[in-house]
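Asker: Let me see the structure of the following:
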Amino acid sequence: MVRQYVAVLAHARFRNGCVLVSSGGAVATTTDQYTWLFLQPCLRVQRALCAALYALAYHGQTRNFLSMPTHVRPNAVLLIITLGILTATGPFSIDMYLPGLPAIVNEFNADASTVGLTLSLFFIGLAVGQAFYGPLSDRFGRKRPLLIGFAVYTLASVACALTPSLGGLIAMRLLQALGGCAGVVIARSAVRDRFEQREAAGVFSWLVLVTGVAPITAPIIGGQVIAAFGWRAIFWVLAVFGLICLTLTLWVLPETLPRERRVATPLRGVLRIYGGLLADRTFIGYALAGGLFFSSMFAYITGSPFVIIEQYGVAPEQFAWIFGLNASGLVITAQLNRWLLRHYSSDTVLRAALMIAVAAALVLLLAAVSGIGGLFGLLLPLFVCVSCVGLIGPNSTALALAPHGNRAGSASALLGTIQFALGAASGALVGALHNDTALPMAGTIAACILGAVTCYWLFVQPRPPRLQEAEAPL
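Answerer: I've put the predicted structure just below:
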């Protein structure tokens, strides 16, 4: 029955925004006239259902969706949701874990800076791993490296839950990151495979919407799980999430890089590609601007549990709601970005967002130094800074990758490596400067955002004529 229904959908035609079914489907019809299947409000749901049912009905035959007729390919919405879930590996692995940091300090009788290594090395693993997954995905396609990466991630999550020592936890967190970073880098590459620069910026905004659910829900889930079962239960939840990502990769995600576009590059060639990207002023300008701003968020992630929970006495469960509220601003601005892109170029939106972030960062630093406003005086500028991620992240990523479609995997990998290397450094700096005040976190955030603006103006402005032409309205 499922196969018959899918066969009907495979012969669907679209007229006036509605879905029609021809009599040429596998299920016979009584007339040669088109029959209404769904009305326009159901169009997106129907197409997503078509893709899901096709996967359920045909199993192994769905591994190369690009070879199917256009009207049978998975809906773009389903692709974006799947990529968003895979990209959420990083936020889930970090944010769900944050409410448990004070409990880990107490259980292992360690100081905050040592426990902070479980975050810093996770960031390093995300940075280093992406440098390998990018070229591998350019050579073998997007799906195979994803399957290997999420298998490693799932096993490492189980090991984190069972480890008896802090050293073991730090080591397994590194391994967990080396596996999970596959979802981060390859999702960006898949977007570049399927969409042009202007479209890609909008798609990245959708990805921020999907992945933005993680920073909202993960700390809340983490706080409740820790309260009920302890911090080790977090890693069992992450192991289940890894299995979900494996399932989505195997049965739902299409292969976005066909065989004829794959490039088998030797190690020397990979290094040459990375060297060329590093020498590209425009790429490195957008990469550093986005990466330094990204690293300010890692400073926030590393420092906020100790500032909010320990300094201001907020319970872990309440901290989760505060963290989720900040993340909701990111989701809102990501969708605002899609509207702005209809009227302004990606570069214009990026430049304005950077200016807003600088102002908020300076207010945050002032509040941390003076204590004006107490906790609220910190949370308000933090909310603005976090919200700017929804504008800066999608546009800096799309602009950096736009000229590099033939090496999207390597460009995406280098972009991610820069972001997470800077993030690891900022997180480690916050831990090293920890002094039971908000100043290390606020100072690091302000320094990173000011650095992002500086790199943007040094490397990107004035913009080369070729990129100005590429950004001209269509």
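
Asker: looking at this structure, which helix or strand is least sure?
Answerer: Least confident helix or strand, the chain: strand 35-38 with a mean of 30, by mean pLDDT, DSSP states H and E.

Asker: What is the burial count for Gly313?
Answerer: 9 (other Cβ atoms under 10 Å). Every residue, glycine included, has its C-beta placed from N, CA and C.

Asker: oh sorry, the question was meant for Pro258
Answerer: Pro258: 12 neighbours (other Cβ under 10 Å).

Asker: now Glu199
Answerer: Glu199, neighbours per other Cβ under 10 Å, totals 14.

Asker: got the contact list for it?
Answerer: Under the criterion of Cβ atoms under 8 Å, 6 or more residues apart in numbering, Glu199 has no contact partners.

Asker: what about it, which SS state?
Answerer: On the three-state scheme (DSSP: H, G, I helix; E, B strand; the rest coil), Glu199 is labelled helix.

Asker: which residues of the protein score low on pLDDT?
Answerer: Low-confidence segments of the chain, defined by pLDDT under 70: 1-76, 197-198, 201, 209-212, 215-216, 265, 267, 405-406, 408, 461-474.

Asker: can I see the domain layout of it?
Answerer: Using automatic domain parsing, the domains assigned to the chain come out as 2-70, 75-470.

Asker: Just name the most buried of those domains.
Answerer: The highest mean neighbour count among the domains of the chain, using mean count of other Cβ atoms under 10 Å, belongs to domain 75-470: a mean of 21.

Asker: centre of the chain versus that domain, how much separation?
Answerer: 6 Å (Cα atoms, centre = their mean, to the nearest Å).

Asker: Look up which helix or strand Ile85 falls in, please.
Answerer: Taking DSSP states H and E as the definition, Ile85 sits inside helix 76-87.

Asker: hey, where'd the helices end up in the stretch 101-250 of the chain?
Answerer: 101-108, 112-115, 117-140, 143-162, 166-194, 197-229, 233-251 (DSSP state H, counting those that start in this stretch).

Asker: Of all these, which one comes closest to Phe420?
Answerer: Phe420 sits nearest to helix 117-140 of all the helices of the stretch 101-250 of the chain, at 3.5 Å, using Cβ to Cβ.

Asker: angle of the closest one against helix 166-194?
Answerer: 40 degrees (axes from the mean of the first three to the mean of the last three Cα atoms, to 10 degrees).

Asker: quick check: angle from helix 117-140 to helix 143-162?
Answerer: Going by the same axes, to 10 degrees, helix 117-140 makes 160 degrees with helix 143-162.

Asker: And helix 117-140, what does it pack against?
Answerer: helix 89-95, helix 143-162, helix 166-194, helix 267-279, helix 281-304, helix 408-432 (3 or more Cβ pairs under 8 Å, 6 or more residues apart in numbering; DSSP states H and E).

Asker: cutoff 6 Å now
Answerer: helix 143-162, helix 166-194, helix 408-432 (3 or more Cβ pairs under 6 Å, 6 or more residues apart in numbering; DSSP states H and E).

Asker: how about those helices, which one is nearest Phe204?
Answerer: Of these, nearest to Phe204 by Cβ to Cβ is helix 166-194, at 6.5 Å.

Asker: Show me the contact partners of stretch 166-186.
Answerer: Stretch 166-186 has contacts (Cβ atoms under 6 Å, 6 or more residues apart in numbering) with 86-87, 89-90, 93, 108, 110, 117-118, 121-122, 125-126, 129-130, 133-134, 137, 142, 145-146, 149, 152-153, 156-157, 159-160, 163, 412-413, 416.

Asker: Can you tell me the centre-most residue of this structure?
Answerer: Thr87 (4.1 Å; Cα atoms, centre = their mean).

Asker: so which of the helices of the stretch 101-250 of the chain gets nearest Pro316?
Answerer: Here helix 197-229 is closest among these (Cβ to Cβ), at 4.8 Å.

Asker: and the closest one with helix 76-87, angle?
Answerer: Going by the same axes, to 10 degrees, helix 197-229 makes 50 degrees with helix 76-87.

Asker: Quick one: work out the angle between helix 197-229 and helix 101-108.
Answerer: Helix 197-229 and helix 101-108 are oriented at 50 degrees to each other (the same axes, to 10 degrees).

Asker: Spit out the contact partners of the closest residue to Thr302 other than its chain neighbours.
Answerer: If the residues on either side of it in the chain are set aside, Thr302 comes closest to Gly427, at 4.0 Å by Cβ to Cβ, 6 or more residues apart in numbering. For Gly427, the contacting residues are Leu119, Ser120, Phe123, Phe298, Thr302, by Cβ under 6 Å, 6+ apart.

Asker: list the contacts for the third one?
Answerer: Applying Cβ under 6 Å, 6+ apart, we find Phe123 in contact with Phe420, Gly423, Ala424, Gly427.

Asker: Likewise for the last one?
Answerer: Contacts of Thr302 were listed using Cβ under 6 Å, 6+ apart, and they are Leu119, Gly427, Val430.

Asker: For Asp280, see how far away the second one is.
Answerer: The reference is to Gly427. 27 Å (Cβ to Cβ, to the nearest Å).

Asker: Please apply the same query to the first one.
Answerer: Distance from Leu119 to Asp280, counting by Cβ to Cβ: 31 Å.

Asker: same question, Val349
Answerer: In terms of Cβ to Cβ, Val349 sits 22 Å off from Asp280.

Asker: ditto for Ile445
Answerer: From Ile445 across to Asp280, the span is 28 Å (Cβ to Cβ).

Asker: Can you tell me how far the closest residue to Phe108 other than its chain neighbours is from Ala398?
Answerer: Nearest residue to Phe108 in three dimensions, chain neighbours excluded: Leu166, at 4.2 Å (Cβ to Cβ, 6+ apart). Counting by Cβ to Cβ, the gap from Leu166 to Ala398 is 40 Å.

Asker: Thanks a lot, see you next time.
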